[in-house]
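Peer 1: Below: sequence and its predicted model.
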Amino acid sequence: MAESEASNGRTRVEYLLGVPLDANVVRQWPQMQEAVHGSQLIGDIEGNFEELTLEVGRRLKLDDVIVVEWTCNYGDGRLYRNVTIGELEGDRVVKVTDYWGEPTTTPEWRRGLTSSLTMPADGIWPDNEHLAHH
């Protein structure tokens with residue numbers, strides 16, 4: 001999808017990454033400990049944010065990884081600074097991880113569409129006890 005094209009909510013992540021999603025892509029939201037499986041469900045979820053506006057700040061491609069820094073507003077005037085990482089196989093994204101600020105819980109309406117994301121305390125997304133001053 002060209003950067004100048006609007007996604008109309010299906011799917012914004014393709015606009016962010018600048019690369020099409022694989023039909024079986026997995027998208028992870030560590031802050032909510034959840035994952036969504038498949039481009040169709042990703043589009044269904046993104047379509048629920050009709051007032052969302054966004055813009056790509058910077059997109060970096062490193063071999064088979066795309067990292068995007070971007071800003072969005074859900075329609076309430078508050079800005080969110082985000083990072084999305086897309087992992088490629090060939091010319092399609094097969095895994096997406098999105099990072100926002102503060103952890104939150106999964107909205108009730110979305111619980112049937114997503115699965116729990118395993119997050120060991122000493123893994124990629126550590127808990128407070130595994131943080132240190134550097």
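Peer 2: Arrived safely.
Peer 1: May I have the residues that are in contact with residue 58?
Peer 2: 68-69 (C-beta atoms under 8 Å, 6 or more residues apart in numbering). Yep, even glycine has a C-beta here, placed from its N, CA and C like the rest.
Peer 1: Could you measure from it over to residue 33?
Peer 2: 27 Å (C-beta to C-beta, to the nearest Å).
Peer 1: just residue 130 next, same as before
Peer 2: Taken as C-beta to C-beta, the span from residue 130 to residue 33 is 16 Å.
Peer 1: neighbour-wise, which of the two wins?
Peer 2: residue 33 (18 against 11; other C-beta atoms under 10 Å).
Peer 1: dump the residue contacts of the closest residue in space to residue 114 that isn't next to it in sequence.
Peer 2: Using C-beta to C-beta, 6 or more residues apart in numbering and skipping the chain neighbours, the partner closest in space to residue 114 is residue 34 (4.3 Å). By C-beta under 8 Å, 6+ apart, the contact list for residue 34 reads 28, 106, 110, 114-117.
Peer 1: Go again with 6 Å.
Peer 2: Contacts for residue 34 (C-beta atoms under 6 Å, 6 or more residues apart in numbering) come out as 106, 114, 117.
Peer 1: what helix or strand is the residue positioned nearest the centre of the chain on?
Peer 2: For the chain, the residue nearest the mean C-alpha position is residue 98 (3.2 Å; C-alpha atoms, centre = their mean). Under the criterion DSSP states H and E, the helix or strand holding residue 98 is strand 92-99.
Peer 1: now that strand: how far from the chain's centre is it?
Peer 2: 7 Å (C-alpha atoms, centre = their mean, to the nearest Å).
Peer 1: same question, stretch 16-26
Peer 2: With C-alpha atoms, centre = their mean, you get 11 Å for stretch 16-26.
Peer 1: which residues sit against that stretch?
Peer 2: With C-beta under 6 Å, 6+ apart as the test, stretch 16-26 has contacts from 14, 35, 37, 39, 66, 68, 70, 84, 86, 92-95.
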